[in-house]
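**Q** starting from these lines, generate the structure:
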Amino acid sequence: MLPRSALLIAEDNEYCLYRVILFQKDADNFKNAAREKKFIVRDFKYDPNSSSKQDKKRLDGEKVQMKKALVRWCKLNFSETFVAWIHLKAIRVFVESVLRYGLPTFFQAMLILPHKGKATKLRKTLTDLYGHLSSKAVYSAKDEEEHMPGSETFYPYVSLDINLDFRANKTSGL
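**A** Prediction:
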């Protein structure tokens, strides 16, 4: 027997299946010794052509079936996940508004999608409209993109980006 070649392949409540690699000259001695101890020994002949092709076909079929099931599951659960994500954004808007402007709550949340290339103009207009809400120590109207310690861009209004392009990692829009 080849040292440290015994490998447990599978087991259940009653049986265990081991793989053992033997030298040809010791195979008969090992079989006899195993039978004396009431082990069942089976020979295995490896055929690289037949087993690998069959296994590959079987695994490819399983992969296709699993991919179909995963796509079906994603289609069913995407809307629920998206709704939960938007709810979390709404909660964050509420919390940041209360932390920034205090109680009682008197604000209005909006979802704005600017036209392509108009985001900068929209931000400037919103800054002109709501610039009086922030303290001058934190935000200066001259320097529109001043960074706070959290390294997020600070505006005199609460602004969260929502990336609707799920194929890309970058954020776009407001």
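**Q** which residues are in contact with the closest residue to residue 34 other than its chain neighbours?
**A** Counting by C-beta to C-beta, 6 or more residues apart in numbering, residue 34 lies nearest to residue 41, which is 4.9 Å off, once chain neighbours are set aside. Using the backbone N, CA and C atoms, a C-beta is placed for each residue, glycine as well. Contacts were defined as C-beta atoms under 8 Å, 6 or more residues apart in numbering; by that measure residue 41 touches 30, 31, 34, 35.
**Q** what's the spacing between the second one and residue 4?
**A** Noted for residue 31: a distance of 20 Å to residue 4, by C-beta to C-beta, to the nearest Å.
**Q** follow-up on the earlier one: biggest separation within the contacts of residue 41, which pair?
**A** 30 and 35 (9.7 Å; C-beta to C-beta).
**Q** who's more crowded, the two?
**A** residue 30 (15 against 11; other C-beta atoms under 10 Å).
**Q** helix, strand or coil for the more buried one?
**A** helix (DSSP: H, G, I helix; E, B strand; the rest coil).
**Q** wait, it touches residue 20, no?
**A** Yes. Using C-beta atoms under 8 Å, residue 30 makes contact with residue 20 at a distance of 7.4 Å.
**Q** looks to me like the residue nearest to residue 34 is in a helix.
**A** No. Read with three-state DSSP, residue 41 is coil and lies in no helix.
**Q** I'd like the distance between it and residue 12.
**A** For residue 41 relative to residue 12 (C-beta to C-beta), the value is 19 Å.
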